[in-house]
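A.B. asks: Show me the folded form of this:
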Amino acid sequence: MQTPKTFLVVPSVKLPRFGDKLLSLFAQQDPMQHPEAVIIDLEDSVPPEKKNEGRRLVSEFLQSSLFGQIASRGIWLVKTNDMQTPYISEDLVMLRAMTEHYPNIGLALPKINEISEMEEALKRSNTLPKYSLPTLETVQGFANRDILFKNWATLGIRFFAFGAGDMSYDLDVERDYSIAILNFVLISILVSAKINQIDFVDSPSRLIPSKEPHVAEQVEKECRYVFQNGGRGKIAIHPSQLPIINRAFCQSDVEHAQVLVDLFDSNTESRAHVDPYTHQYVGTPSYKQAQQILTNSQNSV
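C.D. replies: Next up, the predicted model:
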């Protein structure tokens, strides 16, 4: 299973209105318009007084005929509240009831600081690790990143999300990757993730292209920065972000990548060639990266 490139967040309390929108998204012929995973949120987008309503709406949606029509079109995750809140027990009970009928529904767990938290949540919710999305978004979680990633990989978890908003709050800085301390955290997490062979999924952009069309380039720039640093996907909070994320993570430099792969494959005796695009010498790492770009592009079709 490839790591999804696009994760669309849907607030649980808006499911009655969003259900038809999801159906129309998956009905579109252009795969660039589709999310590859959907995160149904019980946490940040749901105020305390509506937590019970949110759980009820999740249960109803996952048992509806509408969900039956689109269940196979992607990975479905339920984002619970974190393990330190009073809401988590009921979240996990509800999720466990759903996974008895739909075993491919995964768990998205926020604000993880210790290895015991994900293990306990998986056990209590009966969700499969390969469909689940832990989130690293606190300074304490950052301090424990190596042991967390190693543990998650051992459990069979294949990807995790970075929470830039909460991390910025912990660091008392603006949410901007150009700020040195936040960029240090981001890059450190990316390196550690590579060492432990678990894929990085970036936080959602706060820019909405459908409201401000000129910001599409800025969203693409965010995506490309993460992609170029080894990230494998990004969360979307609005459908207008989906095609930008899909293009950035599966079609970024596809033509260039094909030229490099053809160049290396046509002359296997040499492991260094001159890139006709940049006129620089490139070696095996560039060849492998180009192959990965092509693989991601093919898997998106």
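
A.B. asks: ok, E49 - contacts?
C.D. replies: Contact criterion Cβ atoms under 8 Å, 6 or more residues apart in numbering gives no residues in contact with E49. For every residue, glycine as well, the C-beta is placed using N, CA and C.

A.B. asks: which SS class is it?
C.D. replies: When states are read from DSSP: H, G, I helix; E, B strand; the rest coil, the local structure at E49 comes out as helix.

A.B. asks: quick one: it and E255, what's the gap?
C.D. replies: Between E49 and E255 the distance, using Cβ to Cβ, to the nearest Å, works out to 52 Å.

A.B. asks: for F160, same thing?
C.D. replies: For F160, the distance to E255 under the criterion Cβ to Cβ works out to 31 Å.

A.B. asks: Those two: which has the busier surroundings?
C.D. replies: Neighbours per residue, other Cβ atoms under 10 Å: of F160 and E255, the larger number sits with F160, 27 against 9.

A.B. asks: Shouldn't that one be within a strand?
C.D. replies: Yes: going by three-state DSSP, the assignment for F160 places it inside a strand.

A.B. asks: Please identify the helix or strand for the residue positioned nearest the centre of the chain.
C.D. replies: To find the centre residue of the chain, average its C-alpha atoms and take the closest one (Cα atoms, centre = their mean): that gives V201, at 3.8 Å. Mapping V201 onto the secondary structure by DSSP states H and E places it in strand 199-202.

A.B. asks: ok, back up a step: does the residue nearest to the centre of the chain really touch R158, like I thought?
C.D. replies: No: counting by Cβ atoms under 8 Å, V201 sits too far from R158 to count as a contact (10.3 Å).

A.B. asks: any residues in contact with both of those two?
C.D. replies: Taking Cβ under 8 Å, 6+ apart as the contact definition, V201 and R158 share the neighbouring residues T3.

A.B. asks: re the thing from before, how far away is the residue nearest to the centre of the chain from N52?
C.D. replies: Applying Cβ to Cβ, the value for V201 to N52 is 29 Å.

A.B. asks: so where is this structure shaky, pLDDT-wise?
C.D. replies: 1, 251-253, 296-301 (pLDDT under 70).

A.B. asks: Following the record's annotation, map out the domains of it.
C.D. replies: In the assignment given by automatic domain parsing, the structural domains of the chain cover 6-252, 256-298.

A.B. asks: Just name the most buried of those domains.
C.D. replies: domain 6-252 (a mean of 18; mean count of other Cβ atoms under 10 Å).

A.B. asks: could you pull out the strands for this structure?
C.D. replies: The residue ranges that make up the strands of the chain, judged by DSSP state E, are 6-11, 37-41, 75-79, 105-109, 133-136, 159-162, 199-202, 233-236, 273-274, 281-282.

A.B. asks: Reformat those into TSV and put distance to N151 next to each item.
C.D. replies: Written out in TSV, the entries for the strands of the chain read as follows (distance: least, Cβ to Cβ, whole Å):
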stretch	distance to N151
strand 6-11	22
strand 37-41	22
strand 75-79	19
strand 105-109	13
strand 133-136	10
strand 159-162	11
strand 199-202	16
strand 233-236	21
strand 273-274	40
strand 281-282	36
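
A.B. asks: E120 against D82, yeah?
C.D. replies: No: taking contact to mean Cβ under 8 Å, the distance of 11.9 Å between E120 and D82 leaves them out of contact.

A.B. asks: Quick check: end-to-end length of stretch 220-237?
C.D. replies: Counting by Cα to Cα, to the nearest Å, you get 15 Å between the two ends of stretch 220-237.

A.B. asks: cool, and stretch 78-95?
C.D. replies: From the first residue to the last, stretch 78-95 extends over 7 Å; the measure is Cα to Cα.

A.B. asks: what sits up against that stretch?
C.D. replies: Everything outside stretch 78-95 that qualifies as a contact, by Cβ under 8 Å, 6+ apart, is 9, 39-43, 48, 51-52, 55, 58-59, 98, 105-112, 117, 120-121, 124-127, 133.

A.B. asks: got the CA positions of stretch 202-215 in PDB?
C.D. replies: As requested, the backbone C-alpha atoms of stretch 202-215 are provided in PDB (Å, rounded to 0.1, in the frame of the first residue of the first chain):
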ATOM      1  CA  ASP A 202       2.500  17.500   6.200                       C
ATOM      2  CA  SER A 203       0.100  19.800   8.000                       C
ATOM      3  CA  PRO A 204      -2.700  21.400   6.000                       C
ATOM      4  CA  SER A 205      -2.100  24.800   4.400                       C
ATOM      5  CA  ARG A 206      -4.100  27.600   5.800                       C
ATOM      6  CA  LEU A 207      -4.500  29.100   2.400                       C
ATOM      7  CA  ILE A 208      -7.800  28.300   0.500                       C
ATOM      8  CA  PRO A 209      -7.400  28.700  -3.300                       C
ATOM      9  CA  SER A 210     -11.200  28.700  -3.900                       C
ATOM     10  CA  LYS A 211     -11.500  31.900  -1.900                       C
ATOM     11  CA  GLU A 212      -8.400  33.600  -3.100                       C
ATOM     12  CA  PRO A 213      -7.400  32.100  -6.500                       C
ATOM     13  CA  HIS A 214      -4.000  33.900  -6.600                       C
ATOM     14  CA  VAL A 215      -2.900  31.900  -3.500                       C
END
